[in-house]
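Participant: starting from these lines, generate the structure:
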Amino acid sequence: MGFIKTIGKDGKPYYFKYELKNQPSHGVAKVCFKTRFINQKDNNWFDFKVAPFEERYMKVTDMFDTQDHSTQQLLFQGKGLPEALIQEAQRVYPDKIIISDSGGALWPAGRAVWQRLVDRKLATYEAGPDRFVLNR
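Facilitator: Reported below is the predicted structural model:
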């Protein structure tokens, strides 16, 4: 189990815990960072997955928020969690280069997350393969 602290858009600190779970999908050996608020009682969680790609890389394949069943609001939106999990993936896999999906597989919301990392000088964009790479 790991722990993450973020600062949300609202300037408040947020505290999360995650468990690593192997979740193979269509023959790909994905690893899920099953992430929740520290004191969260329900079964909602942020869906963040990485998968090995070639020998040198871990590719971020999934970043999905969960809707609260009673309010239908996204539970983790605006909390800085995707960016923090991308950086946490580097700590968990120090010998790998963390990259985004590329081309059409990288959704606009995912592209926005990575662009925020680029704006903070934490990642770079590679135009040729149309992907983002986390700086080490």
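Participant: what is the three-state secondary structure of the nearest residue in space to Asp10 that is not next to it in sequence?
Facilitator: Once flanking residues are discounted, Asp10 sits nearest to Gly78: 6.8 Å by Cβ to Cβ, 6 or more residues apart in numbering. Where you see a C-beta, it was placed from the backbone N, CA and C, and this is true even at glycine. Under DSSP: H, G, I helix; E, B strand; the rest coil, Gly78 falls in the coil class.
Participant: quick one, longest strand in the chain?
Facilitator: The residue-count maximum for a strand in the chain (DSSP state E) belongs to strand 13-22.
Participant: and that strand, what does it pack onto?
Facilitator: The helices and strands touching strand 13-22, judged by 3 or more Cβ pairs under 8 Å, 6 or more residues apart in numbering; DSSP states H and E, are strand 2-7, strand 31-37, helix 81-92.
Participant: so how far is the last one from its chain's centroid?
Facilitator: To tie it back to what came earlier, the one meant is helix 81-92. Relative to the mean C-alpha coordinate of its chain, helix 81-92 is positioned 6 Å out (Cα atoms, centre = their mean, to the nearest Å).
Participant: now the next helix-or-strand element following that helix, how far from the chain's geometric center?
Facilitator: Sequence-wise, the next helix or strand downstream of helix 81-92 (DSSP states H and E) is strand 97-99. Chain-centre distance of strand 97-99: 12 Å, with Cα atoms, centre = their mean.
Participant: for Gly104, see how far away the closest residue to Thr124 other than its chain neighbours is.
Facilitator: Distance criterion Cβ to Cβ, 6+ apart; nearest residue to Thr124, sequence neighbours excluded, is Val133 at 5.3 Å. According to Cβ to Cβ, to the nearest Å, Val133 and Gly104 sit 18 Å apart.
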